[in-house]
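Engineer: have a look at this fold, sequence not included:
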């Protein structure tokens with residue numbers, strides 16, 4: 001089921017047309033600037049806070065357009081910040097309403113009629129990464145509604161009106177709702193306008209779904225996705241951004257990674273190598289589609305930017321990845337690279353297989369990998385070799401692949 005759904009989404013390389021609505025129209029009364037400037041315009045590492053937020057959505061390949069909701073008096077300033085800051089996906093900047101729910105609706109009304117999904121994000125969560133956005137989007141595409149969230153680590157108590165503790169809640173069943181919150185457009189429209197008609201006010205968009213009985217799937221995000229609310233949060237956010245920049249600048253902005261994978265060949269499985277289906281009586285066994293080449297490629301990319309391997313990113317204990325399309329997973333890894341400010345300079349890979357012949361399929365593999373990574377085909381090199389009848393691959397029991405990549409800073 002997952003494989004079928006993912007293939008359906010992959011027909012368009014970016015998936016369903018998705019718009020982002022970034023709500024940055026608050027007054028920021030808990031953290032005003034010295035000159036009365038709202039927090040969304042305060043500088044973080046030399047850039048306005050709202051620009052850091054917009055850049056995360058700009059760098060997420062699945063986001064096709066961005067609508068920013070601001071105070072009416074800040075609209076021209078925010079538009080100029082986005083243009084000068086390299087936000088090419090900006091569709092419009094609109095004025096917010098009297099409260100958050102109304103502001104989101106103003107932004108929602110400004111998205112393209114082509115949009116099938118909308119990602120709603122709090123502009124003050126300026127540390128969100130393209131990789132985290134990607135994870136929430138992929139879950140929403142499958143379930144129609146998904147939200148970023150954070151598991152609670154503190155013991156949570158319920159208190160009465162007099163301040164006394166009345167109950168200890170099971171924190172294993174509790175999460176803190178964050179953003180982005182992603183919904184199918186038709187579903188969100190129906191829920192939002194029903195709430196408006198009934199005069200119901202909500203504090204986040206998941207509550208709109210709860211009101212109509214729609215299940216929302218939770219997607220854990222990194223702990224850095226906090227909301228800049230108080231003055232101290234601004235300093236903490238700057239520390240995170242500086243650390244990310246230091247990681248990008250490591251080794252003069254260049255880094256290399258190596259990946260290796262091996263899979264057993266078994267009957268009644270399709271043979272997928274490099275995102276290409278190859279006619280053969282045996283296929284590669286794996287929790288996902290078993291694409292040994294793409295798995296090696298992904299591990300090389302993740303290693304080059306200091307991230308955990310694919311076993312940690314897409315664990316085989318998670319049923320969502322059963323039968324998953326590895327090209328789809330590679331696109332998610334590409335999102336992680338973008339979130340770290342990294343891009344592929346060159347990728348060299350070797351397939352180790354006794355049979356079938358790989359050479360006829362290599363051009364198509366290179367095109368598929370380049371498209372998933374958003375780079376040129378000439379930046380991808382793939383070779384194939386045999387083990388002369390030796391070892392696992394030589395005896396026809398399995399296939400292996402090696403990959404080496406070179407990444408650079410954006």
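Structural biologist: Noted; the coordinates are in hand. If you're wondering where the values come from, they're calculated on a predicted model, not measured in any experiment. Residues are numbered from 1 along each chain as shown.

Engineer: can you name the element that comes right after the longest helix along the chain?
Structural biologist: Secondary structure assigned by DSSP state H gives helix 231-249 as the longest helix of the chain. The helix or strand immediately downstream of helix 231-249 is strand 254-267, counting by DSSP states H and E.

Engineer: I'd like the average pLDDT over that following strand.
Structural biologist: For strand 254-267, the mean pLDDT works out to 94.

Engineer: show me what that strand packs onto, helices and strands only.
Structural biologist: Under the contact criterion of 3 or more CB pairs under 8 Å, 6 or more residues apart in numbering; DSSP states H and E, strand 254-267 touches strand 282-284, helix 292-304, helix 391-394, strand 398-409. Where you see a C-beta, it was placed from the backbone N, CA and C, and this is true even at glycine.

Engineer: check these for me: which has the lowest mean pLDDT.
Structural biologist: When I compare these, helix 391-394 is least confident, with a mean of 85.

Engineer: buried ones in that helix?
Structural biologist: 392-393 (16 or more other CB atoms under 10 Å).

Engineer: now swap in stretch 101-115 and tell me
Structural biologist: 101, 103-108, 110-111, 115.

Engineer: now those as TSV including pLDDT?
Structural biologist: Putting the buried residues of stretch 101-115 into TSV (pLDDT from 0 to 100) gives the following:
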residue	pLDDT
101	92
103	95
104	96
105	95
106	96
107	97
108	97
110	97
111	97
115	97
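
Engineer: now, which of those sits nearest residue 196?
Structural biologist: Set against residue 196, the nearest of the buried residues of stretch 101-115 by CB to CB is residue 105 (7.0 Å).

Engineer: could you measure from the closest one over to residue 118?
Structural biologist: 11 Å (CB to CB, to the nearest Å).

Engineer: and if you look at residue 289?
Structural biologist: 30 Å.

Engineer: which one of these two has more residues nearby?
Structural biologist: residue 289 (28 against 25; other CB atoms under 10 Å).

Engineer: sec struct for the closest residue to that one other than its chain neighbours, please.
Structural biologist: Spatially, and ignoring its direct neighbours in sequence, residue 289 is nearest to residue 272 (4.9 Å; CB to CB, 6 or more residues apart in numbering). The local conformation at residue 272, judged by DSSP: H, G, I helix; E, B strand; the rest coil, is strand.

Engineer: give the contact list for residue 272.
Structural biologist: Counting by CB atoms under 8 Å, 6 or more residues apart in numbering, residue 272 touches 278, 283-284, 289-291, 326.

Engineer: going by neighbour count, which of the residues you listed comes out on top?
Structural biologist: Among the contacts of residue 272, residue 291 has the most neighbours (other CB under 10 Å), with 30 neighbours.

Engineer: surely that one and residue 283 touch.
Structural biologist: No - between residue 291 and residue 283 there is no contact under CB atoms under 8 Å: 10.1 Å.

Engineer: bridging residues for the residue nearest to residue 289?
Structural biologist: residue 277 (DSSP bridges).

Engineer: and it, how close does it get to residue 280?
Structural biologist: 10 Å.

Engineer: now do residue 188
Structural biologist: With CB to CB as the criterion, residue 188 and residue 280 are 44 Å apart.

Engineer: neighbour count winner among these two?
Structural biologist: The residue with more neighbours, out of residue 188 and residue 280, is residue 188; 25 against 15, by other CB under 10 Å.

Engineer: number of residues surrounding residue 399?
Structural biologist: When neighbours are counted by other CB under 10 Å, residue 399 comes out with 27.

Engineer: before we move on, what about residue 204?
Structural biologist: 18.

Engineer: who does the residue nearest to it when sequence neighbours are not counted bridge with?
Structural biologist: Closest residue to residue 204 apart from its sequence neighbours, by CB to CB, 6+ apart: residue 177 at 5.4 Å. For residue 177, the beta-bridge partners are residue 149 (DSSP bridges).

Engineer: which residues touch residue 177?
Structural biologist: Neighbouring residues of residue 177 by CB under 8 Å, 6+ apart: 147-149, 204, 206.

Engineer: then residue 359?
Structural biologist: Counted by CB under 8 Å, 6+ apart, residue 359 has contacts residue 384.
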